[in-house]
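Asks: Here you go, sequence then predicted model.
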Amino acid sequence: MDGRLEGRVALVTGAASGIGRATAQRLLSEGAAVLVTDIQEELGARTVEELGADGGRVMFLRHDVTSEGDWQAAVDTAVAELGGLDILVNNAGMGDLKTIEDTTLEEWHRTVEIDQTGVFLGMKIAAPALRRSEGASIVNISSIFGTSGGFGTSPAYHAAKGAVRTLTKNAAVHWATEGIRVNSIHPGFILTPILEPTKGTEYWDTMIQLTPMARLGDPADIAAGVAYLASDDARFVTGSELYIDGGFTAR
């Protein structure tokens, strides 16, 4: 890589596996120091150990994105241990395939709390540190299901990811003159550990059929988009939506 993020510090949530892990790896390869956060402590520690073999500055912190205290600790750790905060990647999330009728109020609240409120808390609490950066960038991971009805399932996930899409634009306008850019990425069907069990099922076949490129994406595809939005190559890009979906939303 060309080191376009040299000297910058990133905080990536939900980074113990999948898209978050790939993002941490890509940002490291481009020169950034990375704070990997997740609620999965054992997996997160192992991820950092593996990524550290590349010689990058990387560390792990247990982090529940629904907790204001955990968010403050994460930002403070990035500043104290890695030297600041320039890049925030709100990646942590959850979802299910239940219908509106099958979704309990508790499940609704939990999904919204993680997928939507977690993004709000991250941006709010990271703002003071990001203001001190000379090239601050926030990348919020939304979804193709943040702009479409999908399969008619996962109502809480759709609602939360749709909220992330417009919250991103609101924050982008708010910070437009303060040097903090805010953009959202909308992944399509990406082959992560969450989707591995669907191989050979009707759900897997449907995902392939609905993707014009007739395959699932790789977490590295999303990580590449994050690296672009985090870099000065995107210095005039804010409030935008980057769809990395194999053509799903082109139909």
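Replies: Here it is on my side, so go on.

Asks: For the residue in the chain sticking out farthest from the centre, what is the enclosing helix or strand?
Replies: Distance to the chain centre peaks in the chain at Glu101, reaching 28.6 Å (criterion: Cα atoms, centre = their mean). Mapping Glu101 onto the secondary structure by DSSP states H and E places it in no helix or strand at all.

Asks: State the pLDDT value of it.
Replies: We have a pLDDT of 98 for Glu101.

Asks: For Thr206, see how far away it is.
Replies: As judged by Cβ to Cβ, to the nearest Å, Glu101 and Thr206 stand 21 Å apart. Placement of C-beta: from N, CA and C, glycine included.

Asks: How about Val75?
Replies: For Val75, the distance to Thr206 equals 40 Å [Cβ to Cβ].

Asks: Also Ala92?
Replies: Applying Cβ to Cβ to Ala92 and Thr206 gives a distance of 26 Å.

Asks: More neighbours: which of these two?
Replies: Here Ala92 and Thr206 are compared on neighbour count by other Cβ atoms under 10 Å; more neighbours surround Ala92, at 24 against 13.

Asks: isn't that one right up against Glu113?
Replies: No - the pair Ala92 and Glu113 does not pass the contact test of Cβ atoms under 8 Å, sitting 11.0 Å apart.

Asks: who touches both of these two?
Replies: Listed as contacting both Ala92 and Glu113 by Cβ atoms under 8 Å, 6 or more residues apart in numbering is no residue at all.

Asks: Wait, Glu30 touches Leu5, no?
Replies: Yes - between Glu30 and Leu5 there is a contact under Cβ under 8 Å: 4.1 Å.

Asks: list residues touching both of the two?
Replies: Shared contacts of Glu30 and Leu5 (Cβ under 8 Å, 6+ apart): Ala227, Ser231.

Asks: neighbour-wise, which of these two wins?
Replies: The residue with more neighbours, out of Glu30 and Leu5, is Leu5; 26 against 21, by other Cβ under 10 Å.

Asks: what kind of secondary structure is the more buried one in?
Replies: At Leu5 the chain is in coil, as set by DSSP: H, G, I helix; E, B strand; the rest coil.

Asks: Spit out the contact partners of it.
Replies: Shown in contact with Leu5 (Cβ under 8 Å, 6+ apart): Leu27, Glu30, Gly31, Ala32, Ile87, Ala227, Ala230, Ser231.

Asks: do Ala156 as well
Replies: Shown in contact with Ala156 (Cβ under 8 Å, 6+ apart): Gly95, Asp96, Thr103, Glu107, Trp108, Thr111, Val112, Asp115.

Asks: between these, which has the most around it?
Replies: Comparing these by number of neighbours (other Cβ under 10 Å), Asp115 comes first, having 28 neighbours.

Asks: okay but Ile185 is in contact with Val226, surely?
Replies: Yes - in terms of Cβ under 8 Å, Ile185 counts as a neighbour of Val226; the distance is 6.5 Å.

Asks: Overlap in contacts, the two.
Replies: Val139.

Asks: can you give me the helices for the protein?
Replies: Assigned by DSSP state H, the chain shows helices spanning 18-29, 41-52, 68-82, 105-112, 118-131, 155-174, 202-210, 219-230.

Asks: Name the residues of stretch 225-236 that are buried.
Replies: Of all the residues in stretch 225-236, those buried under the rule 16 or more other Cβ atoms under 10 Å are Gly225, Val226, Ala227, Tyr228, Leu229, Ala230, Ser231, Ala234.

Asks: wait, which of those is closest to Gly20?
Replies: Nearest to Gly20, judged by Cβ to Cβ, of the buried residues of stretch 225-236 is Val226 at 9.7 Å.

Asks: can I get the CA coordinates of stretch 23-36 in PDB?
Replies: Output of stretch 23-36 as PDB, limited to C-alpha atoms (Å, rounded to 0.1, in the frame of the first residue of the first chain):
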ATOM      1  CA  THR A  23     -10.900  -2.900   7.800                       C
ATOM      2  CA  ALA A  24      -8.400  -2.800  10.600                       C
ATOM      3  CA  GLN A  25      -6.000  -4.800   8.500                       C
ATOM      4  CA  ARG A  26      -6.400  -2.500   5.500                       C
ATOM      5  CA  LEU A  27      -6.000   0.700   7.600                       C
ATOM      6  CA  LEU A  28      -2.800  -0.800   9.200                       C
ATOM      7  CA  SER A  29      -1.400  -1.600   5.800                       C
ATOM      8  CA  GLU A  30      -1.900   2.000   4.700                       C
ATOM      9  CA  GLY A  31       0.100   3.300   7.700                       C
ATOM     10  CA  ALA A  32      -2.500   4.000  10.400                       C
ATOM     11  CA  ALA A  33      -2.400   2.900  14.000                       C
ATOM     12  CA  VAL A  34      -5.600   1.100  14.900                       C
ATOM     13  CA  LEU A  35      -7.600   0.500  18.000                       C
ATOM     14  CA  VAL A  36      -9.600  -2.700  17.500                       C
END
